[in-house]
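Enquirer: Quick one: sequence plus predicted model below, questions after.
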Amino acid sequence: MNIYNQLDITVDVYHLGPLRTNVGLVVRQGEGIVIDAPPESSEAIFSIAMERKIQLKALLITHYHWDHIGNASIFRERGLEVYAYALDVPFIEHVERAEPLLSADFPIESCKVDHVLNDGARFEVCELSVQTLWISGHTEGGAAYYFKDIGICFVGDTLFSGTVGRSDFPGGNKHALFKNIREKLYALSDETQVIPGHGWLTTIGKEKNENPYVRPRK
């Protein structure tokens, strides 16, 4: 599904893997950034890249759960540099530490993280500026990736259309999740498109006005 197509930048979202994870593909002038890597996603993304003549450069991981890192090692083996937030890196590089959040049906290999990120870190990939927002609460080191120039934020499993992510997994914290959504995501412009880890896309303004779980402070 194409959600942005202006000048030399396109953004597409694909529902891939056993839990239909929203996988982002941001492309500028033939170079691509992948956001999240569920099991069974790499073949589809590389096929799309070949068809569209895209050179994939980077994989941004929002958090370490199996339905977001299942194919991360394959992407890295094929040349993509991997980015993730510091507190989740140990679980990505040593997936055995992620028990009981692994899937018996989809064995996952550990993946080296090339770029360890901190809160507010800005970096450039494919000549696009990306800001890291640390949104703990679903996992301790969950991250959102904000592409300010195109008004799009990939938020992983923190904020969804009309609801929020689970906080009852190991490393989860409901109070931290609500606080970070309110203080960091709701601080973005209302027009910002929100791409959650699963399900419908939304906007910051819509969630501020309609999400019953996290209301903005007055």
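Expert: Perfect, I can see it now. Note that the coordinates shown come from a computational prediction; the quantities given were computed from them, not determined experimentally. Residues are numbered from 1 along each chain as shown.
Enquirer: Helix, strand, or coil at the most centrally placed residue in the chain?
Expert: For the chain, T62 is the residue whose C-alpha lies nearest the centre (Cα atoms, centre = their mean; 3.6 Å). Under DSSP: H, G, I helix; E, B strand; the rest coil, T62 falls in the coil class.
Enquirer: isn't it right up against D36?
Expert: Yes. Counting by Cβ atoms under 8 Å, D36 is a contact partner of T62 at 5.7 Å. Bear in mind the C-beta positions are built from the backbone N, C-alpha and C, glycine included.
Enquirer: So which residues of the chain form helices?
Expert: With DSSP state H as the criterion, the chain has helices at 42-52, 66-69, 72-77, 89-93, 174-180, 204-210.
Enquirer: if we compare those, which one ends up closest to T139?
Expert: Nearest to T139, of all those, is helix 89-93, at 7.9 Å by Cβ to Cβ.
Enquirer: check contacts around the residue lying closest to I45 once chain neighbours are set aside.
Expert: Counting by Cβ to Cβ, 6 or more residues apart in numbering, V34 is the residue found nearest to I45 once chain neighbours are left out, at 5.9 Å. The contact partners of V34, by Cβ atoms under 8 Å, 6 or more residues apart in numbering, come to V23, G24, L25, I45, L56, A58, L59, L60, F75, L80.
Enquirer: which of those count as buried?
Expert: Neighbour counting by 16 or more other Cβ atoms under 10 Å classes V23, G24, L25, I45, L56, A58, L59, L60, F75, L80 among the contacts of V34 as buried.
Enquirer: related to what we said a few turns ago, so the residue nearest to I45 versus A121, what's the distance?
Expert: 19 Å (Cβ to Cβ, to the nearest Å).
Enquirer: Check S110 too.
Expert: From S110 to A121 the distance is 23 Å (Cβ to Cβ).
Enquirer: same deal with A72?
Expert: Note on A72: its distance to A121, by Cβ to Cβ, is 19 Å.
Enquirer: Among these two, which residue is more densely surrounded?
Expert: More neighbours surround A72 than the other of A72 and A121, with 29 against 17 (other Cβ atoms under 10 Å).
Enquirer: Name the nearest residue to the more buried one, ignoring sequence neighbours.
Expert: Closest residue to A72 apart from its sequence neighbours, by Cβ to Cβ, 6+ apart: C111 at 4.0 Å.
Enquirer: Next, count neighbours for Y186.
Expert: 20.
Enquirer: Read off the pLDDT value for it.
Expert: With respect to pLDDT, Y186 has a value of 97.
Enquirer: How about F106?
Expert: F106 carries a pLDDT value of 76.
Enquirer: ok, now how distant is it from G141?
Expert: Counting by Cβ to Cβ, the gap from F106 to G141 is 22 Å.
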